[in-house]
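A.B. asks: this one's structure only:
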């Protein structure tokens, strides 16, 4: 990818995270990228095409972060550590890439996403689906639709990041406490106490 194209993508992400796609004029993106509006249109034929490119890049980055150090649990004892790692990866993604998270999860995209973007979104869910289904196979997680459980967990995560970004004064141990509560939501009664503490995540509060 050329330096100019990468600069436009970075500028578009920053602008979209601040303003939303609908409220961002193309000349604003071009100005932030220090390039001409016509140059931008040589790479993407429309703002929607550019937004899809940004979305796909952010989803790829999200998926790469989510899967760091993870694997499908081979037995019941591996489920809690795998959940812990995946939650830690979510928190670190929010900390390290706040604009990407705000763009992906704090806005509505349904009006412009193309097939490639929808596929990227589905791929981003798959590691969590595999974790939930493995936990169910091993009798650790409740026997409920895996994607429904993921929606509930991720909804809680996004809500916390919105509150943090808005400066709502979350307690320092919010991320650890949230992980414990979500584990209680997912786990069978026999597995409810299997998760260790998350105190080390509390110094990674997303900004």
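C.D. replies: Looks like it came in fine. Source: prediction; values computed, not measured.
A.B. asks: Against residue 110, how distant is residue 133?
C.D. replies: 27 Å (CB to CB, to the nearest Å). Every C-beta, even on glycine, is put in place using the N, C-alpha and C of the backbone.
A.B. asks: what's next to the helix of greatest length in the chain, contact-wise?
C.D. replies: Secondary structure of the chain per DSSP state H: the longest helix is helix 115-137. Helix 115-137 has contacts (CB atoms under 8 Å, 6 or more residues apart in numbering) with 52, 55-56, 59-60, 62-63, 66-67, 70, 72-73, 79, 82-83, 86, 109, 113, 141-143, 146-147, 149-150, 153-154, 186.
A.B. asks: let's see it at 6 Å
C.D. replies: Contact with helix 115-137 is made by 52, 55-56, 59, 62-63, 66-67, 72-73, 79, 82, 141, 143, 146, 149-150, as judged by CB atoms under 6 Å, 6 or more residues apart in numbering.
A.B. asks: roughly how far is it from the heart of the chain?
C.D. replies: Counting by CA atoms, centre = their mean, to the nearest Å, helix 115-137 is centred 12 Å from the centre of its parent chain.
A.B. asks: One more: stretch 35-52?
C.D. replies: 25 Å.
A.B. asks: where exactly do the helices run in the chain?
C.D. replies: Using DSSP H, helices in the chain cover 3-19, 26-32, 37-43, 47-66, 79-96, 98-105, 115-137, 146-165, 174-186.
A.B. asks: so what does the second one touch, helix or strand wise?
C.D. replies: It refers to helix 26-32. When contacts are defined as 3 or more CB pairs under 6 Å, 6 or more residues apart in numbering; DSSP states H and E, helix 26-32 packs onto helix 3-19, helix 37-43.
A.B. asks: from those, which stretch is densest packed?
C.D. replies: Ranked by mean neighbour count, these are led by helix 3-19 with a mean of 18 (mean count of other CB atoms under 10 Å).
A.B. asks: what angle do that helix and helix 98-105 make?
C.D. replies: Between helix 3-19 and helix 98-105, the angle comes out at 70 degrees (axes from the mean of the first three to the mean of the last three CA atoms, to 10 degrees).
A.B. asks: quick one: average confidence on helix 3-19?
C.D. replies: Mean pLDDT, helix 3-19: 95.
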